[in-house]
Structure formats: C-alpha cells, structure tokens
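Visitor: I would like to see how this sequence folds:
(2 chains)
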There are 2 protein chains.
Amino acid sequence: MRYQRMVLAARPRGAVQVGNFRLETVEARALEDGEVLVRNEWLSLDPYMRGRMSEAKSYAVPQALDETMIGATAGYVVASRDAHFAVGDAVTGMLGWAEMGIAAGDALRKVDTARVALSAYLGVAGMPGVTAWYGLHEIMRPRAGETIVVSAAAGAVGSVVGQLAKRLGCRAVGIAGGPEKCRYVVEELGFDACVDYKAGNLKADLKAATPDGVDGVFENVGGVIFDTTLTRMNAFGRVALCGLIAGYNGDPQPLHNLKSILLNRLTVRGFIITEHPEVWPAALADLEPLVAAGQLKYRESIADGLASAPAALVGLLSGANFGKQLVHLP
Amino acid sequence: MRYQRMVLAARPRGAVQVGNFRLETVEARALEDGEVLVRNEWLSLDPYMRGRMSEAKSYAVPQALDETMIGATAGYVVASRDAHFAVGDAVTGMLGWAEMGIAAGDALRKVDTARVALSAYLGVAGMPGVTAWYGLHEIMRPRAGETIVVSAAAGAVGSVVGQLAKRLGCRAVGIAGGPEKCRYVVEELGFDACVDYKAGNLKADLKAATPDGVDGVFENVGGVIFDTTLTRMNAFGRVALCGLIAGYNGDPQPLHNLKSILLNRLTVRGFIITEHPEVWPAALADLEPLVAAGQLKYRESIADGLASAPAALVGLLSGANFGKQLVHLP
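Guide: The predicted model follows:
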C-alpha cells in the first residue's frame, strides 16, 4: 500500500520556509505482531515543532533529515495485529506528517468520537488541553478572584487556559494579535478582557485590563509580550512558561524586567507536558466532559491536504492561525 | 543622652554617593514601658539597602528622607524598661545607622556572645546566613552529587550557600570578582571551584568549572553573570533569585537566555527572607552550632565609625567588600 509523507529536507536558517520540506511517496511495510496500521485523517501542527527542526540543544532529539516530520495524528485503524485494536477504531498517535503510519498498539490511544469530534483529541481534549490544564492547576494554582494573563489567547492552549481559569472564578485576560482574535477571546471564549498586542499600546492596554495587577501568567510567546506582563505582577505571582514562540526563529528577545521576579517574589517554571504523563488521566477526565457538554469551546484552523502542511506551520509560527492548527487529509 | 546618627539626605540618581547621607547629633528621648535603649557596636550593611533608598516600587516602603538610615544592628543594652532585658545584654535589632537606638523589647533578639562573636549575628548567624539557608534548602534543594553555582561567592550570603552545599555533598562552584576572592572561596571556604568574572573568560571558565552542568543556582548578581550561568543549566534546575546587584544602580541588564528556563524546564523563584519568619528558628539552629564549632567560616570587611558607613555602602554595591560588610562603632 503506497502513501504520501512529508520529510524534513533541510534545516531552516531563521524562519521556517516551505522549501525546508519535501513530499514523498513510500510503500507501507507489512505489520509485525502487536502493530497497527492507521490512516491519518488529522495532523496536529504545534509550535514545539520549530525546536525539533533545529540541531541546537533542546529538550528532545532533533527531527532527522529525510525522515517523516514528527507530529501527533488522529485517524482510523485500517489493519491490526494487536488484539486491542480493530479495523475502524478511531485512534490518536504520533505518526507524523503522513497519510498513513504504523505504530505499536501501546503507542496509540483509542478515542470515542461519539462524545468528542476526532480532531478535538488533537486540541482541547489532547496535548494542548492537557498543557493548559497542567500550567493552570500545577503551576499557576490561582484562587478565585485572582487575575491571570494568557498570551496567544486565541490559540489551542491559551484558549483553554482562560476558560478553565474562568471556571475557577478568576479574572482571565488574554493577549492576542488583532481585533478579530480579541473579539473571539472575549465574546466566544468568555475571557474578561483581551489585549491586542498589534494595536501599539500594549503596556497601557494591559494595565487597563489588569486593574488589580496580575497573579498568574501562562506564557506562550515571550519577547515584549512577556516583558510587559512582568511589569504588572503582584507579589508571589506564578508564571507557567510554556512557550517562547516570538524567539523560535532566532531573533534576539532580550528580557528587561527580570527584576520583577525578585521584587515581586515570583515563581517562574518552564515545563513540557510530555514529561508529566501522570497528570494526563486526571486532566483528560476534567476536559473531555466539558468539551462533550459544549462548556469548553474551541476553534480550528484547517489546512487541506498533506502538501499544505509546511505553509500551515509557517503560518502557525507567525500567528496566522486562529485556534488549533490542523491539517485535514482527505 | 546625645548620640550621632546618619540620615538619608537625598535619593541617589544612579550610583549611590557618599553625599546622599548626612551625619546628625540628636538627643535620646526617655524610655517608655517595654522599651530598651541599646548602644550599637556593629552596623550591618546589605545590598537590599540600595532598593530602599529609591522611591521606585519595591517590596518595602522607601527609606524616609531625613530619618535614620535603616539597617540591622548589634550592641548592648544600656537602659531597659522591659523585664526581659538587663543592662549589658547583647542584642541584635533594626536600630539603623546610629550610635544608639530605642526599640520595643520584642523587636530585639538576645544573643549569646560566649558561643558566637557579636558581629557574626549580623552575618553568618543572622539574616545573611538564614538567607543562604533558605535559598539552598527551600528552593534549590540539591541532592548529593549535584552542581550548584553561587554568585557573589565571597560575600556574606554566597559564602554560606557554598559551604552548606558542600555539607550536602554537592559540587559547589562560586563566581567572584578577582583572584584574591576566588582563592579565598576555594582555599578557605572549601568550594570546589571559583570563577573570576573579572578575568574576561566567564563563559569558558564557568563551563570548565561545571563539567556536569548546573543543577542549582543561588543568584545574587544578575546581568551577564546570571545570563552566562543560564547557559550551563541541566534539566529541572532550580534558581534561588536572591539579588540582582548588578542592576541596582539602574543600568539596564537585559537577559538573553530566558529560553533556558523553558528548554531546561527550570524553576526560578525570587524571595525575601524577612517574609519567611517561620524558617528562622530552624535555620539558626542549624547555623549557630556550625559557626560556634568553626565549621562555617566567614570573613568580615569592617569600616570604622559611623562617618564611614556611606563610603562602605558604596563599596559594597560595587563589590569592594570581602565577606560581610560591617561598620564598627567605638
């Protein structure tokens, strides 16, 4: 059985280019005992992928050149030599940018598409949702009445952070790029306020949106956005450092307000959700019923077809997406 | 009874100047019930004083102009209307830059000069020692075999951090200014290595001194010293952020390696030891016997007479001191 895949052809210098990838047609090998063949319907695009494309020291090994680009996937079983999986089962896995893939059964997760749409298991009911849950509950730990700030608030992770914080009784303030995203964050997601960092008044606007200061930060962006947020911190604030996408292409992003960490006795903690597998069951047990009940809203940016994945990743890294960025495979 | 005191005459613009202070002669008022009159023998000079001299937002109210400059003191009771204190008792308190002072008895701490020298209750057996203890035991929490880095390693706080870390079985690496301080840190205090940041090879020298990377940091300085230390961090490292003296005079100190906090999943926590009174008894119970037994070494830079205090503070803020900076009053 032949299928298409996208491989990393060259490492980016600075910004990712569409030409860093190459489409190939390959032949699926025969399954061995315990393996499952999956046809992917959805590919997840996520900011962490930028780090894997470089050889610089990071928390994970770099993506190999000329191999299928890594990534989470959702699809259906088409052949199985694992008794736990039958043809037609809906599963998520890490099969990468490809129309099909083979995985050991224990590297796949069976999901229930009667409760939650298959694509949502790559977003609000998947890794991004658990990321939001962990940063909020394990690092920020806000009390009712506290103010939390979330950057990339219209994105897959940020949108969940703010909605969960509202359920805890917090004031949730988003930062996003452009009036359309900000309107969505407030009117659809229910944040109390959203600051448009592209409007040119970030400092004054954030001050106005956080009249009681800031107790918790979920940081996805870094750069001037994080620096400005640090000027609003209350004593003993907590920062969950999840991403620094502003600097992923190598542009220098000096931080000027380190002193806020000392003056306000902040705790800043970087984290990678895949290193905390112990929280996934509890997080998903919280998230899935909320998604199923429509109480946790989400939005998806969908690129069409495997060939569109590179351009969609370039867009994601510059904030062109709106909500969870996916690639749909026909 | 008349005595001299030093008041803050003007707030500094940039670096502290001797002329920011003014010496005055005042009359001691009569004691009220519960109060104690103390003749100060030692004044403690500490980096936090720089922050109090400015009006900028900080964790404490600014030092008032034309009032006695704040500070910890050690001395002897000369009159008492508190039954817990007798004339001749050795006490520490916060009587400020003055030859004498009046305090409520419950704001004084009686100390035992038979075990530990009076001046040491302002250093290794006082606030700086407890600061070191807290950052090490409550924030860095190193295991035996881990590497910890301490900036301002020859100072009152840093010298204790490294010695306590050695007792836990850690590799202790100091950063200090000049070969004399570095020699002292290694040969007298027993650190495994000390990097002279003035030698011009900070990055390469720190790398050589931390062959297994860095698991814990006790940061007193900030600026290029902290930035460079961040390049050496191991996964899940902890940073106790105690001071940022490099920037206290207002020079910009941009941080370039914020991304290390994310990539290495670090925890960075700022703290102020006076906000954790609950740990003082346990910390002092650890520290005092070690000091009494000579197992915790310390060094003092002693300025002579109240009039010398401003110049001594200027020196402290530029690293001229060697160990704990004190002022001795005759």
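Visitor: C-alpha only now, for contacts and for neighbours.
Guide: OK.
Visitor: Name the nearest residue to the residue of the stretch 101-250 of chain A found nearest chain B, ignoring sequence neighbours.
Guide: Residue nearest to chain B within the stretch 101-250 of chain A (C-alpha to the nearest C-alpha): residue A:241, separated by 6.3 Å. In this structure, residue A:241 finds its nearest non-sequential neighbour in residue A:270, 4.4 Å apart by C-alpha to C-alpha, 6 or more residues apart in numbering or on different chains.
Visitor: thinking the one you found is in contact with residue B:263, fair?
Guide: Yes. With contact defined as C-alpha atoms under 8 Å, residue A:270 and residue B:263 form a contacting pair (7.4 Å).
Visitor: Residue A:328: neighbour count?
Guide: Using other C-alpha atoms under 10 Å in any protein chain shown, residue A:328 has 21 neighbouring residues.
Visitor: separation between residue A:70 and chain B?
Guide: Using C-alpha to the nearest C-alpha, to the nearest Å, residue A:70 is found at 19 Å from chain B.
Visitor: give me the number of residues near that residue?
Guide: 23.
Visitor: and it, what does it touch?
Guide: Residue A:70 makes contact with A:49, A:63, A:94, A:95, A:96, A:97, according to C-alpha atoms under 8 Å, 6 or more residues apart in numbering or on different chains.
Visitor: Residue A:101 versus that one, what's the distance?
Guide: Residue A:70 sits 11 Å away from residue A:101, taking C-alpha to C-alpha, to the nearest Å as the criterion.
Visitor: Mutual contacts of these two, please.
Guide: residue A:95.
Visitor: start to end distance for stretch A:189-203?
Guide: Its first and final residues considered, stretch A:189-203 spans 23 Å by C-alpha to C-alpha.
Visitor: ok so, going back, nearest to chain B, of the contacts of residue A:70?
Guide: Out of the contacts of residue A:70, the member with the shortest distance to chain B (by C-alpha to the nearest C-alpha) is residue A:49, at 13.3 Å.
Visitor: which SSE is the closest one in?
Guide: Assigned by DSSP states H and E, residue A:49 falls within helix A:48-53.
Visitor: other SSEs contacting that helix?
Guide: Using 3 or more C-alpha pairs under 8 Å, 6 or more residues apart in numbering or on different chains; DSSP states H and E, no helix or strand is in contact with helix A:48-53.
Visitor: Run me through the strand neighbours of the following helix or strand past that helix, direction for each.
Guide: Counting by DSSP H and E, the next helix or strand C-terminal to helix A:48-53 is strand A:73-80. If you go by DSSP bridges, strand A:73-80 pairs up with strand A:35-44 (antiparallel), strand A:90-93 (antiparallel).
Visitor: Mean neighbour count, those strands: which tops it?
Guide: Stretch with highest mean neighbour count among those: strand A:35-44 (a mean of 26; mean count of other C-alpha atoms under 10 Å in any protein chain shown).
Visitor: Around chain B, pick out the residues from the stretch 151-300 of chain A.
Guide: Residues of the stretch 151-300 of chain A lying close to chain B (C-alpha under 8 Å from any C-alpha of the partner chain) are A:241-244, A:252-259, A:261-272.
Visitor: swap the cut-off to 6 Å and go again
Guide: For the stretch 151-300 of chain A, the residues in contact with chain B (C-alpha under 6 Å from any C-alpha of the partner chain) are A:254-256, A:261-263, A:265-271.
Visitor: quick one, phi psi at residue A:196?
Guide: Here is the backbone geometry of residue A:196 (degrees, to the nearest 10): phi -90, psi 110.
Visitor: and residue A:36, what does it touch?
Guide: By C-alpha atoms under 6 Å, 6 or more residues apart in numbering or on different chains, residue A:36 lies in contact with A:79, A:80, A:81, A:102, A:103, A:105.
Visitor: and of the contacts of residue A:70, the nearest to residue B:136?
Guide: Here the nearest of the contacts of residue A:70 to residue B:136, counting by C-alpha to C-alpha, is residue A:49; it sits at 35.7 Å.
Visitor: do you know which of the strands paired with strand A:73-80 lies nearest residue A:279?
Guide: For the strands paired with strand A:73-80, distance to residue A:279 was read as C-alpha to C-alpha. The smallest value, 17.9 Å, belongs to strand A:90-93.
Visitor: before we move on, back to that, and the two most separated of the residues of the stretch 151-300 of chain A next to chain B?
Guide: Based on C-alpha to C-alpha, the longest span within those runs between A:263 and A:271 and measures 23.2 Å.
Visitor: need the strands for the stretch 201-330 of chain A, in chain order.
Guide: Along the stretch 201-330 of chain A, the stretches classed as strands by DSSP state E, counting those that start in this stretch are A:214-219, A:233-241, A:267-270, A:300-304, A:324-328.
Visitor: Distance to residue B:184 and mean pLDDT added to these, as a markdown table?
Guide: What follows is the strands of the stretch 201-330 of chain A, written out as a markdown table (distance: least, C-alpha to C-alpha, whole Å; pLDDT from 0 to 100):
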| stretch | distance to residue B:184 | mean pLDDT |
| --- | --- | --- |
| strand A:214-219 | 42 | 98 |
| strand A:233-241 | 36 | 98 |
| strand A:267-270 | 33 | 98 |
| strand A:300-304 | 61 | 97 |
| strand A:324-328 | 56 | 97 |
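Visitor: so of those strands, which one's packed in deepest?
Guide: Counting by mean count of other C-alpha under 10 Å, strand A:214-219 has the highest mean neighbour count of the strands of the stretch 201-330 of chain A, with a mean of 28.
Visitor: That strand packs against which elements?
Guide: Here strand A:214-219 touches strand A:147-151, strand A:233-241, going by 3 or more C-alpha pairs under 6 Å, 6 or more residues apart in numbering or on different chains; DSSP states H and E.
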